[in-house]
Every structure is written in structure tokens, then in C-alpha cells.
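J.: Make a model of this:
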Amino acid sequence: MVPPLEHRILHRDGSTRWIRGTVVQHRDQRGQSVRYDGLVEDITERKRAEQWFRTILELAPTRWSLPISQGKDRLGQRAD
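T.: As a prediction, this is how the structure comes out:
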């Protein structure tokens, strides 16, 4: 089994895209490899979302705390 490979490509319009290449191997009844298919998926939006999330975490305070008072939930709402 070959793990999927993620990498950047330069699109003909000049933009950079991220793709994920996955190999799907097919075997015969004896377990011999007879062919394989290659699947390519555009994961650009996922990579952008991951980068956005990393940026938010880097800019966030090093320690977050939410006050928890007696009779209230974590967001300070009355817990009845």
C-alpha cells in the first residue's frame, strides 16, 4: 500500500493548487499486482482552511480561559 501524496502544482492560469494523489492497486486471485489506478483530488480549499486555522491558533493568546461560576455553564449562561 502506497500512502497518498499531497503536493502543490502550478496551474496554467498561474495559481498554485494543492492536489492529493492516491494509488489504488488491483490484485488477481493469487495476490499478484495486475494493475493500478491513480486518483487525483484537488484539495486546495482544504489546505487554505488548514492554513487559516493555523494562523488563528498562532495569533491566539497562549492561554484561553472561560470563567465558570457556580450555577453557570462554561459560557456564563445560567445552567438550570
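J.: contacts and neighbour counts: CA atoms only from here.
T.: OK.
J.: The helix or strand hosting residue 50 - contacts with which helices or strands?
T.: Taking DSSP states H and E as the definition, one finds residue 50 inside helix 44-59. For helix 44-59, the contact count by 3 or more Cα pairs under 8 Å, 6 or more residues apart in numbering; DSSP states H and E identifies strand 16-27 as packing neighbours.
J.: Now do the strand it packs on, average pLDDT.
T.: When pLDDT is averaged along strand 16-27, the result is 95.
J.: Also stretch 48-67?
T.: For stretch 48-67, mean pLDDT rounds to 78.
J.: Report the backbone C-alpha coordinates of it in CSV.
T.: Output of stretch 48-67 as CSV, limited to C-alpha atoms (Å, rounded to 0.1, in the frame of the first residue of the first chain):
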residue,chain,number,x,y,z
ARG,A,48,-6.4,27.0,2.7
ALA,A,49,-8.7,26.2,5.6
GLU,A,50,-5.9,24.4,7.4
GLN,A,51,-3.6,27.4,6.9
TRP,A,52,-6.3,29.8,8.2
PHE,A,53,-6.8,27.6,11.3
ARG,A,54,-3.1,27.5,12.0
THR,A,55,-2.9,31.3,11.6
ILE,A,56,-5.8,31.8,14.1
LEU,A,57,-4.0,29.5,16.6
GLU,A,58,-0.7,31.3,16.2
LEU,A,59,-2.4,34.7,16.8
ALA,A,60,-4.5,33.5,19.7
PRO,A,61,-3.4,34.1,23.3
THR,A,62,-1.2,31.4,24.6
ARG,A,63,-3.8,30.5,27.2
TRP,A,64,-7.5,30.8,26.9
SER,A,65,-9.8,30.6,29.9
LEU,A,66,-13.5,30.8,30.3
PRO,A,67,-14.9,31.8,33.7
